[in-house]
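Student: only geometry, no sequence info:
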Ligand SMILES: Cc1cc2nc3c(=O)[nH]c(=O)nc-3n(C[C@H](O)[C@H](O)[C@H](O)COP(=O)(O)OP(=O)(O)OC[C@H]3O[C@@H](n4cnc5c(N)ncnc54)[C@H](O)[C@@H]3O)c2cc1C
């Protein structure tokens with residue numbers, strides 16, 4: 001069965017946990033309700049959590065791998081300094097911990113094109129990795145990804161991969177991504193552009209792509225988080 005936008009609630013268990021990088025932890029979630037479900041690449045889940053004031057909140061994480069026969073999904077969660085309930089949950093989740101979430105969800109889909117440009121940061125690395133490896137042969141992936149430092153990088157099956165280090169810039173500062181994306185768009189044609197980054201950076205890169213002649217229907221832009229603001233979940 002191919003899952004699209006089911007929005008089912010799953011009561012699962014954390015089956016495994018390992019660090020991919022010092023700040024990124026892979027959690028394997030499992031339960032009978034996941035058996036037989038095959039999400040589209042880069043669909044996500046909303047983990048249902050309780051914040052420090054006892055309020056119910058949701059945080060979104062990309063389904064990095066799905067093993068439908070085993071009923072297991074992997075998510076790769078970044079542990080943010082000063083992060084909120086999502087980071088706190090990922091930091092404390094251990095094999096045996098119960099976890100409740102809604103999914104698979106999300107409208108992001110690969111669209112056919114000769115060349116795809118993926119733009120993002122630590123939070124969208126799992127989505128970009130899943131999308132790049134799902135591309136049919138003959139369709140090229142270029143990725144421009146900004147992370148705090150080289151220690152945050154994970155392997156991605158892109159034909160061209162450009163890593164940017166944030167160095168002293170604040171997370172979500174768009175200048176680094178803008179300069180690199182401008183160079184890429186000047187250098188080659190992209191039939192599809194996917195911008196999955198901090199909200200303001202996403203908007204700035206989308207506008208840059210439009211002003212460089214990439215049509216609106218060729219750009220999928222989605223803010224994955226908002227600098228300085230706790231997440232409020234929207235429907236895309
Ligand atoms: C469709 C979708 C898929 C996503 N997939 C993933 C995924 O696979 N892995 C993943 O790690 N994240 C993913 N994210 C991003 C994640 O949901 C946000 O980073 C979320 O804000 C983390 O929640 P939190 O409770 O830790 O922080 P919040 O309570 O939302 O925010 C608290 C503070 O942490 C800071 N903060 C939050 N996120 C970031 C960040 N990315 N970088 C720097 N500072 C941050 C904020 O500025 C804020 O001040 C995804 C988001 C979307 C929309």
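Tutor: That came in fine, so what should we check first? Given the structure is predicted, the values throughout are model-derived calculations rather than measurements. Numbers count the residues shown, from 1 in each chain.
Student: so how far is residue 163 from the residue nearest to residue 21 when sequence neighbours are not counted?
Tutor: Nearest residue to residue 21, sequence neighbours excluded (Cβ to Cβ, 6 or more residues apart in numbering): residue 152, at 5.3 Å. Using the backbone N, CA and C atoms, a C-beta is placed for each residue, glycine as well. Using Cβ to Cβ, to the nearest Å, residue 152 is found at 9 Å from residue 163.
Student: With neighbour numbers in mind, choose between these two.
Tutor: residue 152 (21 against 15; other Cβ atoms under 10 Å).
Student: For the more buried one, give me its contacts.
Tutor: 21, 23-24, 78, 122, 125 (Cβ atoms under 8 Å, 6 or more residues apart in numbering).
Student: Relative to the ligand, which of those residues is nearest.
Tutor: Comparing the contacts of residue 152 against the ligand with Cβ to the nearest ligand atom places residue 78 closest, at 3.6 Å.
Student: Please enumerate residues in contact with the strand or helix carrying residue 126?
Tutor: Residue 126 belongs to helix 125-134 when elements are defined using DSSP states H and E. Residues from elsewhere that reach helix 125-134 (Cβ under 8 Å, 6+ apart): 24, 41-42, 44, 61-65, 75-76, 108, 110, 116, 118, 120, 141, 143, 145, 147, 152, 154-158, 194, 196, 224.
Student: residues making contact with the next helix-or-strand element following it?
Tutor: Using DSSP H and E, the helix or strand that directly follows helix 125-134 along the chain is strand 140-147. Applying Cβ under 8 Å, 6+ apart, the contact partners of strand 140-147 are 114-122, 124-125, 128, 131-132, 135, 153, 156-166, 176-177, 180-181, 184, 188, 190, 197.
Student: Now the residue nearest the centre of the chain. Nearest residue, chain neighbours left out?
Tutor: Most central residue of the chain, judged by C-alpha distance to the mean C-alpha position with Cα atoms, centre = their mean, is residue 124 at 2.9 Å. Residue nearest to residue 124 in three dimensions, not counting chain neighbours: residue 196, with 3.6 Å by Cβ to Cβ, 6+ apart.
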